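Trainee: Got a predicted structure plus its sequence, pasted below:
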Amino acid sequence: MTASAEASTNSSYRSSSPERDVKYRYFSPEFLALENERLWTKVWQLACREEELWSVGDYVVYTIADQSILLVRGSDNLVKGYHNACLHRGMRLKEGVGHIDEIRCPSHAWAWNLDGSLKEVTDPFDFDPATVDVARLGLREVRVDSWAGFVFVNMDVDAVPLRSFLGEVVARVERFGLDRMTCVKHRTTVLEANWKLAHEAFVETYHAVGTHPQTLRYLDDTDMNYEQHGVHGMHRVKPGGLGTPSPRLGDYDPDRREILLAMVGDLAEMDYYKQEEVDQVNVMVDAAMAMPDVPIGAFFANVRREQAKAEGMDFSEFSDHDILAGELWNVFPNFTAPCNAGNGNIIRFRPNGGDPESCIMDIYYLQRFAGDERRPMPEPEQYANWRDAEGWGAVLRQDFTNLPIWQRGVHSLGFEGPIWGRQDGNVSNFHRALTSYVEA
Ligand code: FES
Ligand SMILES: [Fe+2]
């Protein structure tokens with residue numbers, strides 16, 4: 001399945017009646033089983049960062065649904081992926097992350113080389129020689145490819161190449177330099193909502209009016225642009241819309257200082273800007289007040305441009321809009337990539353084992369540094385409950401608070417199924433793509 005180069009913004013993504021077939025997708029164990037069988041085994045999916053596999057012998061275990069994939073950097077420096085199960089009696093070979101010079105099963109100690117070839121069978125004389133033949137007992141491989149510093153896997157050996165699958169996403173996201181960024185923070189937590197419901201909260205900004213009302217002070221959320229590109233989607237605020245109050249607020253006439261500090265505060269809390277840039281704003285806020293003809297957005301874009309220059313990077317090719325807001329790409333099936341010139345937050349949602357009512361969320365916080373330097377991966381932060389951690393920022397906390405309530409809401413006998421409008425177009429497109437997998 002490839003992404004079409006042609007964007008669609010037409011009304012074909014609107015519902016003509018409640019989408020009754022979609023409602024049960026959020027909680028049905030049968031639908032979860034269908035996804036496990038027909039989606040996750042067939043689709044390219046983001047497994048980890050390349051920085052997590054920095055050196056030869058570094059490994060990461062990627063878990064999706066009831067499957068586990070062992071990713072290892074081999075002695076040829078290439079990353080390979082194996083089904084994470086011993087070929088003797090099925091024991092998981094590895095857990096978590098770490099460093100190895102061979103893949104040795106913790107049960108009866110059979111071992112494989114990093115390239116997947118069989119290294120050793122314990123007491124081979126006790127087996128039928130045909131069953132423990134070196135030529136037959138290589139670890140079972142999955143497809144592995146990388147893009148923008150992320151390692152992707154696909155269990156379908158006949159899948160189209162990753163680049164074909166990503167389609168237009170590649171050029172549009174690389175324009176912001178995502179492929180030149182490094183991961184400065186990685187957080188994982190559990191949300192009490194189905195992975196699709198949680199993912200959908202990040203493919204539209206229509207919900208800002210209800211969920212994030214404080215953002216309307218600096219965000220003109222009207223007339224936002226929503227595009228569908230094959231199975232993927234994109235949305236963005238219109239140029240000039242960040243740093244401008246929403247017309248929904250009527251004759252609200254805030255102080256320019258309030259707009260600037262509210263905007264920078266909310267987005268910096270999500271690490272969508274660097275702390276150094278925020279510090280600059282705090283120093284220069286009086287200067288911004290003394291230039292009433294310069295729009296707030298343009299002022300802050302210039303602060304970011306100057307800070308980038310001071311760090312040895314050139315942002316002159318980017319518009320104010322690219323520097324402030326950028327674009328939010330949702331990549332099928334399960335991650336969203338908000339990115340601006342210099343920063344990206346990759347937000348991924350996976351099913352939480354066999355529970356359709358919760359999901360595992362990761363955020364990879366990315367930043368670009370001078371010389372496009374990649375840095376070693378920081379220690380991952382893992383929270384069984386998102387409430388155990390500070391530092392998500394107000395916007396994410398609002399989403400995380402709403403999602404469990406939403407999850408309970410979709411069970412209601414009074415809810416027939418979603419009714420999608422233009423601004424839900426990426427949600428609608430996502431479900432169409434999902435249908436093409438589960439009904440295949
Ligand atoms: S299950 Fe792995 S060696 Fe026996
Ligand atoms: Fe949100």
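Mentor: On my side now, so go ahead. Ligands and ions are numbered 1, 2, ... in the order given.
Trainee: So Phe335 is in contact with Asn345, correct?
Mentor: No: taking contacts as C-beta atoms under 8 Å, Phe335 lies outside contact range of Asn345: 10.2 Å. Quick note: C-beta positions are derived from backbone N, CA and C, even for glycine.
Trainee: Please identify the helix or strand for the closest residue to Lys238 other than its chain neighbours.
Mentor: Leaving aside its sequence neighbours, Lys238 sits nearest to Asp223 (C-beta to C-beta, 6 or more residues apart in numbering; 5.7 Å). Per DSSP states H and E: Asp223 is located in neither a helix nor a strand.
Trainee: so how far is Ala201 from Asp223?
Mentor: The gap separating Asp223 from Ala201 is 21 Å, by C-beta to C-beta, to the nearest Å.
Trainee: where's Gln382, which helix or strand?
Mentor: Under the criterion of DSSP H and E, Gln382 resides in strand 381-383.
Trainee: Just want to know which of Asp223 and Ala201 has more residues nearby.
Mentor: Legend: neighbour count by other C-beta atoms under 10 Å for Asp223 and Ala201, higher for Ala201 (22 against 10).
Trainee: which element is the closest residue to that one other than its chain neighbours on?
Mentor: Distances taken as C-beta to C-beta, 6+ apart place Asp399 nearest to Ala201, at 5.2 Å, with adjacent residues excluded. Element membership of Asp399, judged by DSSP H and E, is helix 394-409.
Trainee: What residues of that helix count as buried?
Mentor: Neighbour-count burial for helix 394-409 flags 395-396, 398-400, 402-404, 406-407 (criterion: 16 or more other C-beta atoms under 10 Å).
Trainee: Kindly report the same for stretch 236-249.
Mentor: Across stretch 236-249, burial judged by 16+ other C-beta under 10 Å covers 236-237, 241-246.
Trainee: Restricted to strands, list those.
Mentor: Members of these lying in strands (criterion: DSSP state E): Arg236.
Trainee: so which of the buried residues of stretch 236-249 comes closest to ligand 1?
Mentor: Arg236 (49.8 Å; C-beta to the nearest ligand atom).
Trainee: tell me which parts of the chain are close to ligand 1?
Mentor: Contact residues, the chain versus ligand 1 (C-beta under 6 Å from any ligand atom): 86, 88-89, 91, 105, 107-108, 110.
Trainee: which one of these is nearest Thr211?
Mentor: Using C-beta to C-beta, Met91 comes nearest to Thr211 of the residues of the chain next to ligand 1, at 44.5 Å.
Trainee: How many neighbouring residues does that closest one have?
Mentor: 14.
Trainee: likewise the one 10 residues further on?
Mentor: Residue crowding around Asp101 was assessed by other C-beta under 10 Å; the count is 10.
Trainee: Repeat that for Val170.
Mentor: 18.
Trainee: Tell me which residues touch it, please.
Mentor: Taking C-beta atoms under 8 Å, 6 or more residues apart in numbering as the criterion, Val170 is in contact with 147, 163.
Trainee: any idea which element it lies in?
Mentor: Under DSSP H and E, the secondary-structure element containing Val170 is helix 169-174.
Trainee: So what's the gap between that helix and the chain middle?
Mentor: Here helix 169-174 is found 14 Å from its chain centre; the criterion is C-alpha atoms, centre = their mean, to the nearest Å.
Trainee: Same question for it: list its buried residues.
Mentor: Neighbour-count burial for helix 169-174, counted by 16+ other C-beta under 10 Å, picks out 169-170, 172-173.
Trainee: C-terminal to that helix, which secondary structure element comes first?
Mentor: Following helix 169-174 in sequence, per DSSP H and E, is strand 181-191.
Trainee: Name the next helix or strand following that following strand along the chain.
Mentor: By DSSP H and E, the next helix or strand past strand 181-191 is helix 195-200.
Trainee: residue boundaries of the helices in the stretch 101-250 of the chain?
Mentor: Along the stretch 101-250 of the chain, counting by DSSP state H, counting those that start in this stretch, helices occupy 162-166, 169-174, 195-200, 208-211.
Trainee: Low-confidence stretches in the protein?
Mentor: Within the chain, the ranges that satisfy pLDDT under 70 run 1-10.
Trainee: ok, now with 90
Mentor: Applying pLDDT under 90 to the chain flags the ranges 1-13, 251-261, 264-265, 267-270, 274-297, 299, 372-375, 440.
Trainee: Check which residues of the longest strand seen in the chain are buried.
Mentor: Counting residues, the longest strand found in the chain (DSSP E) is strand 355-368. Neighbour counts using 16+ other C-beta under 10 Å place 356-368 of strand 355-368 among the buried residues.
Trainee: Point me to the residue of the stretch 151-300 of the chain nearest ligand 1.
Mentor: Going by C-beta to the nearest ligand atom, ligand 1 is nearest to Met155 of the stretch 151-300 of the chain, at 20.7 Å.
Trainee: So that residue sits against Trp44, correct?
Mentor: No: using C-beta under 8 Å as the test, Met155 is too far from Trp44 to be in contact (9.9 Å).
Trainee: shared neighbours, the two?
Mentor: With contacts taken as C-beta under 8 Å, 6+ apart, the residues that reach both Met155 and Trp44 are Arg143.
Trainee: Which one of the two is surrounded by more residues?
Mentor: Shown here are Met155 and Trp44; by other C-beta under 10 Å, Trp44 has more neighbours (25 against 20).
Trainee: Just want the phi and psi numbers for the more buried one.
Mentor: Phi and psi for Trp44, reported as degrees, to the nearest 10, are phi -70, psi 130.
Trainee: Spit out the contact partners of it.
Mentor: Contacts of Trp44 by C-beta under 8 Å, 6+ apart are 143, 145, 152-154, 159, 162, 165-166.
Trainee: Then Lys274?
Mentor: Contacts here follow C-beta under 8 Å, 6+ apart; on that basis Lys274 touches 307, 342-343, 367.
Trainee: what do you get for Trp40?
Mentor: Taking C-beta under 8 Å, 6+ apart as the test, what Trp40 contacts is 64-65, 67, 155.
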